[in-house]
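In: pasted the sequence and its predicted model underneath.
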Amino acid sequence: MITAEMVKQLREKTGAGMMDCKKALTESGGDIERAIEILRKKGLAAAEKKAGRETSEGIIGSYVHMDKIGVLVEVNCETDFVARTEDFRQFVKDIAMQIAASNPLYLDRESVPREVIEKEKEIYRDQIKGKPEHVIEKILEGKLEKFYSEHCLMDQTFIKDPEGKKKVRDVLTELIARLGENIRIRRFVRFQLGEENH
């Protein structure tokens, strides 16, 4: 039996529409965790379908923290209509705050220069010398994942997720599914008072 309370709970956790939540709960037999998984997969599928679509609208958001850290971020979408929605604007604001708080160096793992990755691997290899090669490869993989989750915006844990499980890319996927348009974080810049330019 799917109750209104269950639907409300699922909506709060995922931000998905009421009918989608009801369907996912029915499909999962009332299991909220499985319903979240179903909604994620649907969101991912919807986001993938929209991924190739042109994003020439959007907004540039800004955030200044205590006059010491400033962020500008450009987030694109397909239409001016979506750019004006409360959901979209809130997302841009949250991303600007994320950048201020978490100081990512790159947008995503694809933006990390090859030489940076090679340098990281070299450092890790030095730290784990003497282990069997297959073990070294596993450790390297784990350390690189950690590097991405610290330095790539899309791989960072979303600062406003109370459970600390969602990554920025998950939040973006959910927004794409909810608003029905391709949305992408295009670029950002972060200034910290007194900091040298890289």
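Out: Cool, got the structure.

In: and Ser56, how far is that from Glu181?
Out: As judged by CB to CB, to the nearest Å, Ser56 and Glu181 stand 12 Å apart. (Glycine included, C-beta is placed from N, CA and C.)

In: between these two, which one's more packed in?
Out: A count of neighbours by other CB atoms under 10 Å puts Glu181 above the other of Ser56 and Glu181, at 20 against 9.

In: let me know whether that one touches Thr79 as I believe.
Out: Yes - counting by CB atoms under 8 Å, Thr79 is a contact partner of Glu181 at 6.5 Å.

In: can you report phi and psi for the spatially closest residue to Gln98 that is not a sequence neighbour?
Out: Spatial nearest neighbour of Gln98, chain neighbours left out: Ile159 (5.3 Å); criterion: CB to CB, 6 or more residues apart in numbering. Ile159 adopts backbone torsions of phi -60, psi -20, taken as degrees, to the nearest 10.

In: and the next element down the chain from the lowest-mean-pLDDT helix or strand in the chain?
Out: In the chain, no helix or strand scores lower on mean pLDDT, DSSP states H and E than helix 32-50, which sits at a mean of 71. For helix 32-50, the following helix or strand on the C-terminal side (DSSP states H and E) is strand 57-65.

In: phi, psi for the most far-flung residue of the chain relative to its centre please.
Out: In the chain, the greatest distance from the average C-alpha position (CA atoms, centre = their mean) is reached by Gly130, at 36.5 Å. The phi/psi pair for Gly130 (degrees, to the nearest 10) reads phi 90, psi -10.

In: that one: what's it in contact with?
Out: Gly130 sits next to no residue when contact means CB atoms under 8 Å, 6 or more residues apart in numbering.

In: tell me how far it lies from Arg84.
Out: In terms of CB to CB, Gly130 sits 59 Å off from Arg84.

In: are there residues contacting both of Ser56 and Glu181? Which ones?
Out: Residues touching both Ser56 and Glu181 (CB under 8 Å, 6+ apart): Glu78.

In: against which helices or strands is the helix or strand that contains Arg186 packed?
Out: Using DSSP H and E, Arg186 maps to strand 184-192. In terms of contacts (3 or more CB pairs under 8 Å, 6 or more residues apart in numbering; DSSP states H and E), strand 184-192 is packed against strand 69-77, helix 86-102, helix 168-179.

In: same list (those) but as JSON lines, adding distance to Lys119.
Out: Below are the helices and strands packed on strand 184-192 laid out as JSON lines (distance: least, CB to CB, whole Å):
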{"stretch": "strand 69-77", "distance to Lys119": "26"}
{"stretch": "helix 86-102", "distance to Lys119": "21"}
{"stretch": "helix 168-179", "distance to Lys119": "24"}
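
In: figure out which of the ones you listed is closest to Leu10.
Out: Nearest of these to Leu10, taken as CB to CB: helix 168-179 at 12.5 Å.

In: now do that closest one against helix 86-102, angle only.
Out: For helix 168-179 against helix 86-102, the angle by axes from the mean of the first three to the mean of the last three CA atoms, to 10 degrees is 170 degrees.
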